[in-house]
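J.: Sequence below, structure please.
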Amino acid sequence: MNEYNNMDEAMKFEAEKKKRKDGVKKSINGCPLDQLELVREIIDVVDINIVTCGECGSVVLHSLGDAEITCPYCGFFSDISDFPDFLYD
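T.: Okay, the predicted model is just below:
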């Protein structure tokens with residue numbers, strides 16, 4: 001038995017599903033572009049950066065003025081060059 005009351009409902013459902021699929025923006029490193037834009041806006045407003053720990057891979061937030069970072073999860077302490085950006089183009 002059809003889960004739709006009529007063919008019009010089925011066609012509307014399929015059209016909406018296609019619209020959602022077609023409406024998905026491309027991504028960078030698995031992150032949708034709209035999410036990436038939001039992250040960049042947050043970084044600009046609060047002067048933080050989102051990086052990954054060079055030792056354990058955890059996500060770490062740090063002030064843009066920091067020269068060195070300590071991972072709050074594993075205690076790894078190093079220059080910011082050892083903490084790659086979480087998102088990058």
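
J.: CA atoms for contacts and neighbours, from now on please.
T.: Fine.

J.: Low-confidence stretches in this structure?
T.: 1-33, 88-89 (pLDDT under 70).

J.: Now do the helices in this structure.
T.: 7-23, 33-46 (DSSP state H).

J.: Go through the last one and flag the buried ones.
T.: By 16 or more other C-alpha atoms under 10 Å, the buried positions in helix 33-46 come out as Leu36, Ile43.

J.: Restricting to C-alpha, output it in PDB.
T.: Extracted C-alpha coordinates of helix 33-46, given in PDB (Å, rounded to 0.1, in the frame of the first residue of the first chain):
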ATOM      1  CA  LEU A  33      30.300  26.300   3.100                       C
ATOM      2  CA  ASP A  34      27.600  28.000   5.100                       C
ATOM      3  CA  GLN A  35      29.000  26.500   8.300                       C
ATOM      4  CA  LEU A  36      32.500  27.600   7.300                       C
ATOM      5  CA  GLU A  37      31.300  31.100   6.700                       C
ATOM      6  CA  LEU A  38      29.700  31.200  10.200                       C
ATOM      7  CA  VAL A  39      32.900  29.900  11.800                       C
ATOM      8  CA  ARG A  40      34.900  32.700  10.000                       C
ATOM      9  CA  GLU A  41      32.400  35.300  11.200                       C
ATOM     10  CA  ILE A  42      32.700  34.000  14.800                       C
ATOM     11  CA  ILE A  43      36.500  34.100  14.600                       C
ATOM     12  CA  ASP A  44      36.400  37.700  13.400                       C
ATOM     13  CA  VAL A  45      33.900  38.900  16.100                       C
ATOM     14  CA  VAL A  46      35.500  37.200  19.100                       C
END
